[in-house]
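Novice: Take this sequence and fold it.
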Amino acid sequence: MTRPRRPALSFGIGAAVGTVGGLIGLGGAEFRLPALVGALRFSAREAVAVNLVASFIVLAAALPFRAASVPVTVIAAHLPAVLGMLAGAMSAAWVGAGWLRRASDKLLGRLILILLVVLGTVLITEGLFEAEPVRRVGEGMVATVLVAAACGVVIGLVSSLLGVAGGELIIPVFILLFGVDVKAAGSMSMLVGMPTIAVGLTRHFAAGSVLRERAVWHATILPLGAGSILGAILGALALGLVPSHALKTGLGVILIWSAWGVFRHLPSRAPSRAP
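Specialist: Below is the predicted model:
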């Protein structure tokens, strides 16, 4: 597949997605996928690797600027849950990246489609029926770490298989199981997401990977990363201005719209051979 060289478009995509990611605590991979597969013409497999790089940049750029709205002391109170989830996610991310190399582009596209629709529906539901977070896991250290680690295994597989930071799963888990406020959960998800992505990326730099192509870095990844940094900082600084329920509902709608974008670019079935 011949990919167009569109650095300006890549920068714009990075800035737009980075703003959304920095605002809620996501890497933004779901919003980036349709553009990578459609406008920039990467295959689903290639888009996963590029997405991991961009997602890591968004999280790393946004986290320090979210401290004004989410102090470090708030996150420290939930550190056992963060560390437990991180342990499970990093372990599974290594395995998932290996599976990715054996999966077909069509299968990956379908998995991405399902993920977007499910997560979009969850976010819309949470936004429309907003309620105070309630902790459903016991207060003990052992229970907290074990439950968080089990959730982290699933999140790590999703991260490396589909090229997402996993925040769309991490944030609801922290809110629904551990009773964490949505803004704190966003910052906590960044702490889990960055090391998880880093582990997955180590498996994506093998020979033949799109990340080994210098042209891809110059035309897409570097401008995408620069735009992501700008957008992530702006989104993080705007964290205190947007109501949580409105943010969740809007993101849910965008996720489902993105699912349609992925669906339109799934590989078509190969034509049958004449007898």
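Novice: first to last residue in stretch 17-33, what's the distance?
Specialist: One end of stretch 17-33 to the other measures 10 Å (Cα to Cα, to the nearest Å).
Novice: Give me the mean pLDDT for that stretch.
Specialist: Stretch 17-33 shows a mean pLDDT of 85 in the predicted model.
Novice: Same check on stretch 139-155?
Specialist: Stretch 139-155 carries an average pLDDT of 91.
Novice: So for that stretch, what gets flagged as buried?
Specialist: Neighbour counts using 16 or more other Cβ atoms under 10 Å place 144, 145, 147, 148, 149, 151, 152, 153, 155 of stretch 139-155 among the buried residues. Just so you know, the C-beta spots here come from the backbone N, C-alpha and C atoms, and that holds for glycine as well.
Novice: Among the residues you listed, which one sits closest to residue 57?
Specialist: Checking the buried residues of stretch 139-155 against residue 57 with Cβ to Cβ, the nearest one is residue 155 at 19.5 Å.
Novice: for the stretch 101-250 of the chain, what are the low-confidence residue spans?
Specialist: The model of the stretch 101-250 of the chain has pLDDT under 70 over residues 101-106, 108-109, 112, 130-132, 159-165, 207.
Novice: Adding secondary structure, write the buried residues of stretch 139-155 out as JSON lines.
Specialist: Shown next, in JSON lines, are those (DSSP: H, G, I helix; E, B strand; the rest coil):
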{"residue": "144", "secondary structure": "helix"}
{"residue": "145", "secondary structure": "helix"}
{"residue": "147", "secondary structure": "helix"}
{"residue": "148", "secondary structure": "helix"}
{"residue": "149", "secondary structure": "helix"}
{"residue": "151", "secondary structure": "helix"}
{"residue": "152", "secondary structure": "helix"}
{"residue": "153", "secondary structure": "helix"}
{"residue": "155", "secondary structure": "helix"}
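Novice: Go through those and name the one nearest residue 55.
Specialist: When these are compared against residue 55 (criterion: Cβ to Cβ), the nearest one is residue 155, at 13.1 Å.
Novice: so what's that closest one closest to, chain neighbours aside?
Specialist: residue 166 (4.2 Å; Cβ to Cβ, 6 or more residues apart in numbering).
Novice: what do you get for residue 218?
Specialist: Of all residues not flanking residue 218 in the chain, residue 7 sits nearest, at 7.6 Å (Cβ to Cβ, 6+ apart).
Novice: what's near enough to touch the one you found?
Specialist: Shown in contact with residue 7 (Cβ atoms under 8 Å, 6 or more residues apart in numbering): 218, 219, 220, 222, 223.
Novice: Name the nearest of the residues you listed relative to residue 191.
Specialist: residue 222 (25.7 Å).
Novice: can you tell me the helix or strand for the closest one?
Specialist: For residue 222, the host element (DSSP states H and E) is helix 222-237.
Novice: Which elements pack onto whichever helix or strand comes after that helix?
Specialist: Downstream of helix 222-237, the first helix or strand assigned by DSSP H and E is helix 244-264. Secondary-structure packing of helix 244-264 (3 or more Cβ pairs under 8 Å, 6 or more residues apart in numbering; DSSP states H and E): helix 7-24, helix 29-37, helix 105-128, helix 182-202.
Novice: Between those, which one is closest to residue 89.
Specialist: Set against residue 89 and scored by Cβ to Cβ, those come closest in helix 182-202, at 4.3 Å.
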